[in-house]
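*Asks:* Prediction below, plus the sequence it came from.
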Amino acid sequence: MPIIKACTLSELGDPDARPVEVGDLEVLVVRSGGQLYACQRYCTHEEFPLEFGQVHDNVLRCTYHGAEFDLNSGAVLRLPATEGLRLFPVRVVGDEVLVELPDA
C-alpha cells in the first residue's frame, strides 16, 4: 500500500479537520485529543464535506444533518447516516502526517 504525505502536524490544531488530496482520494485528516485519524472526506448520508463538521472526543459530526461517526472505527453513532466512514491508517514521521492508501 502506498504511503503519502497528507500534511504536517504543525498545520493541524486540536481539534481540527483538514481536507487533503492523497493520491486520487479526497481524505479528511482529523486531530482530536492528540490522536490523528484519516477518513473519507464526504459524509455517507448526503456527501456533505465533513471538514465543516465538529470534532469532539474522537467523534466527527456532520453539520448538514447531524450524523455522527466514531473516528476510531468509522461506525455510525447517530442517524441519519446508516453507512460508516472509510478509514485510512495514519502515522507520523517527524512533523509529517502520512496516510496509507489502499492498493489501486
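*Replies:* Cool, the structure landed.

*Asks:* Could you report the neighbour count for residue 34?
*Replies:* 7 (other C-beta atoms under 10 Å). Quick note: C-beta positions are derived from backbone N, CA and C, even for glycine.

*Asks:* pLDDT weak spots in the protein?
*Replies:* Within the chain, the segments meeting pLDDT under 70 span 104.

*Asks:* ok, now with 90
*Replies:* Under the criterion pLDDT under 90, the flagged ranges of the chain are 1-2, 22-25, 101-104.

*Asks:* I figured residue 27 hits residue 6, correct?
*Replies:* Yes. Taking contact to mean C-beta atoms under 8 Å, the distance of 6.5 Å between residue 27 and residue 6 places them in contact.

*Asks:* Can you check which residues contact both of those two?
*Replies:* 20, 38, 99 (C-beta atoms under 8 Å, 6 or more residues apart in numbering).

*Asks:* For the residues you listed, give me a markdown table that also has distance to residue 55 and neighbour count.
*Replies:* A markdown table is the format used below for those (distance: C-beta to C-beta, whole Å; neighbours: other C-beta atoms under 10 Å):
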| residue | distance to residue 55 | neighbour count |
| --- | --- | --- |
| 20 | 16 | 19 |
| 38 | 13 | 24 |
| 99 | 17 | 24 |
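
*Asks:* Quote the end-to-end distance of stretch 80-92.
*Replies:* 33 Å (C-alpha to C-alpha, to the nearest Å).

*Asks:* And that stretch, what's buried?
*Replies:* Neighbour-count burial for stretch 80-92 flags 81, 84, 85, 87, 88, 90 (criterion: 16 or more other C-beta atoms under 10 Å).
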